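Visitor: predicted model follows, preceded by the sequence.
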Amino acid sequence: MKVLIFQSGEPLHIDKNNRPMRVINLANKFLERGHKVLVISSRFDHYKKKKRQHKSLIKINKNLEILLLDSPGYKKNIGLSRLWDHLILSLNLLHKLFSKKIPKQDLFIIGFPPIETAFILIFWSKLKKIPSLIDIKDLWPEIFVSRLPKNLAWIIKILIYPYKLISIYSIRNADIVSSITPAFLGWSQNYSKRKSCKYDFVAPLVSPVISLSQSDITKSINWWKSKGICFNEKPTFCFIGTLSIAYDFHEVSKAINYLEEKKIDFQLIICGEGTASKKIKSLFRKTSSVHFPGWVNSKKAFILRKYSLASIAPYINTEDFMKSIPNKIIDSLSYSLPIISTLKGEVSDLINKENCGISIENDYLKWKDAFEKIINSVESRKKLKNNCKNVFHKNFDFNNNYNKFIINAEKLVLQKRN
């Protein structure tokens, strides 16, 4: 079977130090089952905010090729420049389809967003009678309304109306809709007034659990030591992710200052960079317990999580995040690492139901209490860690989730052929 996977805004097989996400994981799983895969993505690297220096068509092996489409790029994740980028990307995709530069495929797996490229591929799949599966991972275009000032909401609603129409068309006309949580799937079905939902399914954004050799463990521990960070000397908490406006570290910083005044010995390691790096680092400029080592690779992140007592997730409660279970939550569970989170909705429901962390209001005293509970209660930590392990294997096992995804896709193609 020939499978086309379209996804922009994610690492690709050709990227150095990539963190496998949906497109890489899906491609690898299809390859394992003997299928041929064509990955189509943008030349613009969403994370590094620069263009990939590769030729347009890259042959990874006999069954995997990557086609890069040109687009202008953008500096901010939400803004007019990103919409312009996606428009040009979709026009270049349409040109490739009409000029027959993209070989005929048996199945389209379409990442949503971008809205424009999803519309092009759904339209083409209907025209050419190719089975299609659309994978919903964000509440576009409605996310623009929630992310911008409320006094501009009515203008934004008018401006995004065309995007709303083509989003509804794309979701409604896909043969199957998959999404990352039940709440996201329900939103997509309701938003598009999708009638046929029998085969739609949930597939969380899970990643394979890595393991390290003893040599890698030693090298990674020594790297942390070179940064002045020793894990066995004091209780450790961690955050690993992009430092963006999605998070509010203000109350965390106040809690850290409070604990330092009480002479409680601990450390918080905040890994990553992003558009809000300077702002977040400035909050902790007077503290000695917080470290910012920058970006870390998967091996260094493995060691950090292994030696941490808990991870923190100080999310701002926007609708898209409340309907989601973000990567860093699942990553923590995969390491049996309890989560301290301010995120309501799917995450707080999971934490409260499975007792795999501490769900709190974004208040510095609540953060202080959560830190102290984790530090002071060995028995509580053991119970939380065990619950994390159980809920991960029950809900977020990599092979179970991706095998389900592939099997549903294969059934769709067989059904269409018959």
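Guide: Arrived safely, thanks for sending.

Visitor: residue contacts, residue 56?
Guide: 43, 67-69 (C-beta atoms under 8 Å, 6 or more residues apart in numbering). Just so you know, the C-beta spots here come from the backbone N, C-alpha and C atoms, and that holds for glycine as well.

Visitor: let's see it at 6 Å
Guide: When contacts are counted by C-beta atoms under 6 Å, 6 or more residues apart in numbering, residue 56 touches residue 68.

Visitor: quick one: it from residue 70, how far?
Guide: In this view, residue 56 and residue 70 are 8 Å apart by C-beta to C-beta, to the nearest Å.

Visitor: now the spatially closest residue to residue 73 that is not a sequence neighbour: how far from residue 276?
Guide: Leaving aside its chain neighbours, residue 73 sits nearest to residue 44 (4.3 Å; criterion: C-beta to C-beta, 6 or more residues apart in numbering). Per C-beta to C-beta, residue 44 is found 21 Å from residue 276.

Visitor: comparing those two, which residue is more hemmed in?
Guide: It is residue 44, of residue 44 and residue 276, that has more neighbours when counted by other C-beta atoms under 10 Å, with 23 against 16.

Visitor: ok, the more buried one - contacts?
Guide: Shown in contact with residue 44 (C-beta under 6 Å, 6+ apart): 51, 71, 73.

Visitor: mind doing that once more with 10 Å?
Guide: Counting by C-beta atoms under 10 Å, 6 or more residues apart in numbering, residue 44 touches 8-9, 50-52, 68-74, 82, 85, 88-89.

Visitor: try residue 126
Guide: Residues counted as contacts of residue 126 (C-beta under 10 Å, 6+ apart) are 132, 169, 173-175.

Visitor: of these, which pair is most distant in space?
Guide: Across these, the longest distance by C-beta to C-beta is 13.9 Å; it joins 169 and 175.

Visitor: common neighbours of these two, please.
Guide: Joint contacts of residue 169 and residue 175 (C-beta under 10 Å, 6+ apart) are 122, 126.

Visitor: more crowded one of these two?
Guide: Neighbour count, other C-beta under 10 Å: between residue 169 and residue 175, residue 175 has more, with 22 against 16.

Visitor: tell me how far that one lies from residue 307.
Guide: Distance of residue 175 to residue 307, computed by C-beta to C-beta: 46 Å.

Visitor: helix, strand or coil: sort out the nearest residue to residue 4 once chain neighbours are set aside for me.
Guide: Spatially, and ignoring its direct neighbours in sequence, residue 4 is nearest to residue 105 (4.2 Å; C-beta to C-beta, 6+ apart). Following DSSP: H, G, I helix; E, B strand; the rest coil, we place residue 105 in the coil state.

Visitor: state the phi and psi torsions of residue 61.
Guide: phi -160, psi -170 (degrees, to the nearest 10).

Visitor: and the strands in the stretch 151-300 of the chain?
Guide: 176-179, 201-202, 236-240, 267-271, 290-294 (DSSP state E, counting those that start in this stretch).

Visitor: any weak-confidence spans in the stretch 1-150 of the chain?
Guide: 145-148 (pLDDT under 70).

Visitor: can we see that at 80?
Guide: Residue ranges of the stretch 1-150 of the chain with pLDDT under 80: 17-19, 77-79, 142-150.

Visitor: coming back round to it: in a markdown table: the strands of the stretch 151-300 of the chain, plus distance to residue 318.
Guide: Putting these into a markdown table (distance: least, C-beta to C-beta, whole Å) gives the following:
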| stretch | distance to residue 318 |
| --- | --- |
| strand 176-179 | 17 |
| strand 201-202 | 21 |
| strand 236-240 | 18 |
| strand 267-271 | 21 |
| strand 290-294 | 25 |
